[in-house]
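In: need a structure here:
(2 chains)
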Amino acid sequence: MAWTADQPLIALVDVHKSFGKTEVLKGITFSVAKGEVICVIGPSGSGKSTLLRCINALVPIDRGSIKVEGQEVNDPALDKLALRRKVGMVFQQYNLFPHKTALQNVMMAPIQVLKQDRKEVEERAHRLLRKVRLQDKASSYPGELSGGQQQRVAIARSLAMNPDVMLFDEVTAALDPETKKEVLVTIRELAEEGMTCLLVTHEMGFAREVAHRIHFTDGGRIIESGPPEEFFAKAKDPRTRQFLSQIL
Amino acid sequence: MEAIADWFKWLNDAHRINLSIFYDAFDRGKFLGGLLTTLKLSAICLVTSVAIGVVGAWLQGSRFTFARRIMQGYIQFFRNTPPLVQLYFFYFAIGNLLPRVTDAYGQAVPPVSNFAWAIVSFSFFAGAFNVEIFRAGVEAVPRATVEAAEALGYSRLKAYIHVVLPLAFRISLPALNNNLVNLIKTTTLAYAIGVPELLYVSAQIWSDVLNVREMMNVLLVAYVAIVGVLVMAMNRWERAMRMPGYSV
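Out: This is a model prediction of the structure:
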């Protein structure tokens, strides 16, 4: 069955994952439509990061189904390259390649993985660096950039692959409030341009303003979901309310 | 040139310091030939042993137990036995097993020359250490950086070539330096199977001219110079590959 844009871009059904004896995901079901911005919040250790890593097949799942554009991720015959072309990922610790400049970091994958034309890629890389407001840092090495700058390069690097959806794994958790803002502004612009985003975050203010839908996870399950107005104003579950009261 | 030769002749006549390689054309030719052989032997072994190290370190991370076992056996064998014994083993044990071939003059000669056996032996010897050196470098590359490459669609091989190896190389350089210096010094063992390298031709000269004391000094100075050039080149390389702002 061919996937069409009116179907969910990402669809998770009853996803289970254990590390040894610890079950970190105990049946997660939700979906992300094209152009949607979804925030997943919840206490640390509730399996949020694992969830994202399962979606682009960095971590295999034990049970259930994850479909990205109709393609089953939990399939041994999966073409991981094809999947990862569609799914961009940004990490908490930026994970830039320290031996390459900001510009080279953005250019590497399109040239080396997608075999695209160097000149065309370089133009696009400059455009992407401009988009994340780092055009003047093109020739800086990651070690010479601040955390927020590195994270924006990481976003540009991911965008260079022209993904259909972006996964953000607590991308501001290692940043101070000032630099945090730079990164959040970048993500917000992306969301406003219609990029499908799935964020794991502790930024409640950001989630409230930008997200279309919020999922609260705890203990490997989704406890409560809803659009932000509803979610923050009238959370029903006592655990959600307790979590929100500690954070807000 | 003439003046230099005359001065060394005078040095011999007046002070009994006989540096025949500076005034006797035959001895000089012999010495330079030996120097060239040592340089060739060193250069070839440097390149092949580094190649063995790179490929070996990759195989050590292989999914296939068989490949890892082979590598382990190779390292144990070549690291834990004396290089002179290895050289004898290749030259006398394996070399004698090979069928003789007829050369241009109609003589039955071994198919592999003693020079070639020296290359094989020293490359494997230094290569075994290089594998371990690179493996340590590969292991020091943060898992998260490799994961970032995977998330960008890099296959294991591509991530190894473009991300892991360049970083591992930088981390390994100081240790690699040491091993390559050792390799150059080990090439003197080729003396034992009659390869006309620097030590071998020097021995011929001092047997002829009876200037053991002088040639010993010449030899030491020559090796200080050869190794000095290598160390200088490696330091330069290390500086060129430095990652600004990055600390391991």
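In: Around chain A, which positions in chain B sit nearby?
Out: B:142, B:144-145, B:147-155, B:158, B:162-163, B:166-167, B:170, B:241, B:243-247 (C-beta under 8 Å from any C-beta of the partner chain). Heads up, the C-betas are built off the backbone N, CA and C, glycines and all.
In: Narrow these to those that are buried.
Out: B:145, B:147-154, B:158, B:162-163, B:166-167, B:170, B:243 (16 or more other C-beta atoms under 10 Å in any protein chain shown).
In: The residues of chain B next to chain A in helices, which ones?
Out: B:Ala144, B:Thr145, B:Glu147, B:Ala148, B:Ala149, B:Glu150, B:Ala151, B:Lys158, B:Pro166, B:Leu167, B:Arg170 (DSSP state H).
In: which residues touch the fifth one?
Out: With contact taken as C-beta atoms under 8 Å, 6 or more residues apart in numbering or on different chains, B:Ala149 is in contact with A:Phe97, A:Ala109, B:Lys158, B:Ala159, B:His162, B:Val163.
In: got the contact list for the residue nearest to the third one when sequence neighbours are not counted?
Out: Nearest-residue entry for B:Lys158: A:Gln112, 6.3 Å, with adjacent residues in sequence omitted and distances by C-beta to C-beta, 6 or more residues apart in numbering or on different chains. Residues touching A:Gln112, when contacts are defined by C-beta under 8 Å, 6+ apart, comprise B:Tyr154, B:Lys158, B:His162.
In: Repeat that for A:Cys54.
Out: By C-beta under 8 Å, 6+ apart, the contact list for A:Cys54 reads A:Val15, A:Lys17, A:Leu25, A:Pro60, A:Ile61, A:Ile66, A:Val73.
In: Then B:Ala3?
Out: B:Ala3 makes no contacts at all, as judged by C-beta under 8 Å, 6+ apart.
In: For stretch A:208-215, what does the pLDDT average out to?
Out: Averaged over stretch A:208-215, pLDDT sits at 92.
In: May I see the buried residues of it?
Out: Judged by neighbour count (16+ other C-beta under 10 Å), stretch A:208-215 contains these buried residues: A:Val210, A:Ala211, A:Arg213, A:Ile214, A:His215.
In: again, but for stretch A:76-93
Out: Buried residues in stretch A:76-93, counting neighbours by 16+ other C-beta under 10 Å, are found at A:Lys80, A:Leu83, A:Arg84, A:Arg85, A:Lys86, A:Val87, A:Gly88, A:Met89, A:Val90, A:Phe91, A:Gln92, A:Gln93.
In: shouldn't A:Val40 be in contact with A:Ser49?
Out: No - judged on C-beta atoms under 8 Å, A:Val40 makes no contact with A:Ser49 at a distance of 9.5 Å.
In: Give me the more crowded residue out of these two.
Out: When neighbours are counted by other C-beta atoms under 10 Å in any protein chain shown, A:Val40 comes out ahead of the other of A:Val40 and A:Ser49, with 27 against 19.
In: The more buried one falls within a strand, correct?
Out: Yes - judged by DSSP: H, G, I helix; E, B strand; the rest coil, A:Val40 forms part of a strand.
In: Distance check, whichever residue of chain B sits closest to chain A against A:Ser18.
Out: Nearest to chain A in chain B, going by C-beta to the nearest C-beta, is B:Gly245, at a distance of 2.4 Å. Going from B:Gly245 to A:Ser18 by C-beta to C-beta, to the nearest Å gives 39 Å.
In: CA atoms only for stretch B:66-81, dumped as CSV, please.
Out: Extracted as CSV, the C-alpha positions of stretch B:66-81 are listed here (Å, rounded to 0.1, in the frame of the first residue of the first chain):
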residue,chain,number,x,y,z
PHE,B,66,35.8,-15.2,12.6
ALA,B,67,37.4,-12.0,11.3
ARG,B,68,38.0,-10.8,14.9
ARG,B,69,39.6,-14.1,15.9
ILE,B,70,42.0,-13.9,12.9
MET,B,71,43.0,-10.4,13.8
GLN,B,72,43.5,-11.4,17.4
GLY,B,73,45.7,-14.3,16.4
TYR,B,74,47.7,-12.2,14.0
ILE,B,75,48.3,-9.5,16.7
GLN,B,76,49.3,-12.1,19.3
PHE,B,77,51.7,-13.8,16.9
PHE,B,78,53.5,-10.7,15.7
ARG,B,79,53.5,-8.7,18.8
ASN,B,80,54.7,-11.5,21.1
THR,B,81,57.6,-12.8,19.0
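In: Below-threshold pLDDT in the chain: ranges please.
Out: Assuming you mean chain A. For chain A, applying pLDDT under 70 flags the ranges A:1, A:248.
In: Chain B is the one I meant
Out: B:247-248.
In: Could you tell me how far the lengthiest helix in it lies from the centre of the chain?
Out: Secondary structure of chain B per DSSP H: the longest helix is helix B:25-60. Its chain's average C-alpha position is 5 Å from that of helix B:25-60, according to C-alpha atoms, centre = their mean, to the nearest Å.
In: that older thread, just send the ones in helices among the residues of chain B next to chain A back as a markdown table, with distance to A:Glu203 too.
Out: Converted to a markdown table, these look like this (distance: C-beta to C-beta, whole Å):
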| residue | distance to A:Glu203 |
| --- | --- |
| B:Ala144 | 21 |
| B:Thr145 | 25 |
| B:Glu147 | 23 |
| B:Ala148 | 22 |
| B:Ala149 | 27 |
| B:Glu150 | 26 |
| B:Ala151 | 22 |
| B:Lys158 | 34 |
| B:Pro166 | 34 |
| B:Leu167 | 31 |
| B:Arg170 | 35 |
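In: Would you check which pair of those residues lies furthest apart?
Out: B:Ala151 and B:Arg170 (22.5 Å; C-beta to C-beta).
In: residues in contact with the closest residue to chain B within chain A?
Out: When distances are taken as C-beta to the nearest C-beta, chain A reaches nearest to chain B at A:Gly143, 2.4 Å away. When contacts are counted by C-beta under 8 Å, 6+ apart, A:Gly143 touches A:Pro98, B:Met243, B:Pro244, B:Gly245, B:Tyr246, B:Ser247.
In: returning to that earlier point: keep only those of the buried residues of stretch A:208-215 that are in strands.
Out: Assigned to strands by DSSP state E, the following of the buried residues of stretch A:208-215 qualify: A:Arg213, A:Ile214, A:His215.
In: any idea how far B:Ile44 is from the last one?
Out: This means A:His215. Taken as C-beta to C-beta, the span from A:His215 to B:Ile44 is 61 Å.
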